[in-house]
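> quick one, structure for this:
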Amino acid sequence: MFNRYKFVPYLYLALSRYKNTMAIKVKLRQKKISQGRKSLYLDFYPPIPHQETGEPTRREFLGMYLFEKPKTLTDKQHNSETLQIGNSIRQKRENFLNKPEIYSHYEKEQLRIKEVGEQSFLDYYRKLADKRKSSNHDNWVAAFNYLKEFSKGQLIFSELNEPLLESFKEFLLTTKSKRSSKTTLSQNSAASYFNKIKASLRQAYKDGILQTDLNSKISPIKNAIRLIIVSCLSFCYGRAFVAVNVIVRGSLRTFT
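You can find the predicted model right below:
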């Protein structure tokens, strides 16, 4: 009977030999034996290493047999069920030989990216939040709660992109505060929470989970106090420019 655990060490030899040629075909065949029976075996082409000796072989007997001339209903049922099992073994073996280990480095990397992309970003973010302490931890958790509400509790890495993050930014600027359903979340809080998301994106990129540095592509939410200061400075500079311009023009008139 086939033992797949004994077979595994020889798999690499087989694949290294045939990976750049043709796929390995596996057929289920029959051989007449004693007492009116036929033994089932697998036929490999090209040959594969024998599971015990390592020598190339095309045959592997399954230790299963059919009645060559079934006479009773029981014999016929036995043949039918045995053939089904044999075909199932054949299919699994062919898949096993041709599928998992012959990927190129690029293909393996693409599979890794796909696998990582199916992981939960929410779980990843929560783990980062748990590493924070005191008030900073509270801010990370608060940001998590808004992100969870926005994503309805489901958000994987492959779903992260610029449009989605821009939508989340807009969500923070318009959603109701969890402290009071009567007031909108303040812009300063929205800015702080969005910065936590950006920090987690930056870390995910460093960890090799994200293939694109989304953090650098998304602008932060501007702090309300900063906006006021900038507006005031712009206003003051504007007034100062007008005043200087008036003085200069007045001076020119004096000399003309």
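
> Gln51 - how many residues pack around it?
Here the count is done by other C-beta atoms under 10 Å, and Gln51 has 18 residues near it. Heads up, the C-betas are built off the backbone N, CA and C, glycines and all.

> that's a strand at it, yeah?
No - Gln51 sits outside any strand when classified using DSSP: H, G, I helix; E, B strand; the rest coil, being coil.

> find me the pLDDT at it, would you?
Gln51 carries a pLDDT value of 73.

> also the one 4 residues further on?
The predicted structure scores Glu55 at 86 on the pLDDT scale.

> and for the one 3 residues further on?
Per-residue confidence for Arg58 comes out at a pLDDT of 94.

> can you check the one 4 residues further on too?
Note for Leu62: predicted pLDDT of 93.

> doesn't it fall inside a strand?
Yes - per three-state DSSP, Leu62 lies within a strand segment.

> with adjacent residues omitted, what lies nearest to it?
Closest residue in space to Leu62, ignoring its immediate chain neighbours: Leu40 at 4.9 Å, by C-beta to C-beta, 6 or more residues apart in numbering.

> so the one you found touches Arg59, yeah?
No - Leu40 lies out of contact with Arg59 (C-beta atoms under 8 Å); the separation is 10.9 Å.

> before we move on, back to that, who does the helix or strand that the residue nearest to Leu62 is a member of pair up with?
Applying DSSP states H and E as the criterion places Leu40 in strand 37-49. Using DSSP bridges, the strands paired with strand 37-49 are strand 25-33 (antiparallel), strand 56-67 (antiparallel).

> export that strand as PDB, just CAs?
Extracted in PDB, the C-alpha atoms of strand 37-49 (Å, rounded to 0.1, in the frame of the first residue of the first chain):
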ATOM      1  CA  ARG A  37      -8.300 -11.500  -9.900                       C
ATOM      2  CA  LYS A  38      -6.700  -8.300 -11.300                       C
ATOM      3  CA  SER A  39      -4.300  -6.200  -9.300                       C
ATOM      4  CA  LEU A  40      -4.500  -2.400  -9.500                       C
ATOM      5  CA  TYR A  41      -1.400  -0.300  -9.900                       C
ATOM      6  CA  LEU A  42      -0.400   3.200 -10.900                       C
ATOM      7  CA  ASP A  43       1.500   3.800 -14.000                       C
ATOM      8  CA  PHE A  44       3.800   7.000 -14.000                       C
ATOM      9  CA  TYR A  45       5.200   8.700 -17.100                       C
ATOM     10  CA  PRO A  46       7.900   9.900 -16.900                       C
ATOM     11  CA  PRO A  47       9.100   7.500 -14.200                       C
ATOM     12  CA  ILE A  48       9.400   8.700 -10.700                       C
ATOM     13  CA  PRO A  49      11.800   7.600  -7.900                       C
END
